[in-house]
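Chemist: predicted coordinates and the sequence they were generated for:
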Amino acid sequence: EAQVTQNPRYLITVTGKKLTVTCSQNMNHEYMSWYRQDPGLGLRQIYYSMNVEVTDKGDVPEGYKVSRKEKRNFPLILESPSPNQTSLYFCASSLKGLASHEQFFGPGTRLTVL
Amino acid sequence: GQSLEQPSEVTAVEGAIVQINCTYQTSGFYGLSWYQQHDGGAPTFLSYNALDGLEETGRFSSFLSRSDSYGYLLLQELQMKDSASYFCAVRLPVFSSGSARQLTFGSGTQLTVLP
């Protein structure tokens, strides 16, 4: 089954404790992205990657890191989480070029930072 | 800069037709997409307009007018299961590299379908 998976689905942590949210896709997609979703603000892009070892900042990259060492994986790293990073996070992937308007989203990770 | 504006809420009754508008201010983009998101779930792709005009997919249609900086999603024969949030999104170019950035989303429209 073609899908994007994220782990964990739910996470409660404390300020300053480094964490990683994993994202994996099995569709051989070139493009991958991370978004956060907050009430009233819609989906805001954090980082995106156009291929292995090619990443770039989205609209809200502060406090986050990403890496793309393999085509299928695109982990999101919070080196020192803070309460304002409490949010619902989505990973997404798509084909490149003209097909990139159709993104496939993972199930989401609900993160709470205390 | 760029921004996408949508109404925050729309309410309609089962069987009706509803139009969700999306207006934008951007200096250039590759097309307008629409996504549906049920409460707490993942967004799913609905429709895409690369060119001006109407695209129809079953009960859903989407329209784009670049000259008016305007698009809309039209939902016909509304069903209870259509209650969800709907997002418009544009894919913007990265002028420095010539490549295309990923999608920029509007803040979403919460559609409530009443019996």
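Modeler: Cool, got the structure.
Chemist: confidence score at the closest residue to residue B:11 other than its chain neighbours?
Modeler: Nearest residue to residue B:11, sequence neighbours excluded (Cβ to Cβ, 6 or more residues apart in numbering or on different chains): residue B:112, at 4.7 Å. Yep, even glycine has a C-beta here, placed from its N, CA and C like the rest. At residue B:112, the predicted lDDT confidence score is 97.
Chemist: which residues touch residue 17?
Modeler: By default, I'm working from chain A. residue A:81 (Cβ atoms under 8 Å, 6 or more residues apart in numbering or on different chains).
Chemist: oops, wrong one, chain B.
Modeler: B:74-78.
Chemist: could you turn the buried ones of these into a ChimeraX selection?
Modeler: The following ChimeraX line selects those of those that are buried, judged by 16 or more other Cβ atoms under 10 Å in any protein chain shown:
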select /B:74,75,78
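Chemist: in JSON lines: the contacts of residue B:17, plus distance to residue A:76, secondary structure and pLDDT.
Modeler: Converted to JSON lines, the contacts of residue B:17 look like this (distance: Cβ to Cβ, whole Å; DSSP: H, G, I helix; E, B strand; the rest coil; pLDDT from 0 to 100):
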{"residue": "B:74", "distance to residue A:76": "35", "secondary structure": "strand", "pLDDT": "97"}
{"residue": "B:75", "distance to residue A:76": "33", "secondary structure": "strand", "pLDDT": "97"}
{"residue": "B:76", "distance to residue A:76": "38", "secondary structure": "coil", "pLDDT": "97"}
{"residue": "B:77", "distance to residue A:76": "39", "secondary structure": "coil", "pLDDT": "97"}
{"residue": "B:78", "distance to residue A:76": "36", "secondary structure": "coil", "pLDDT": "97"}
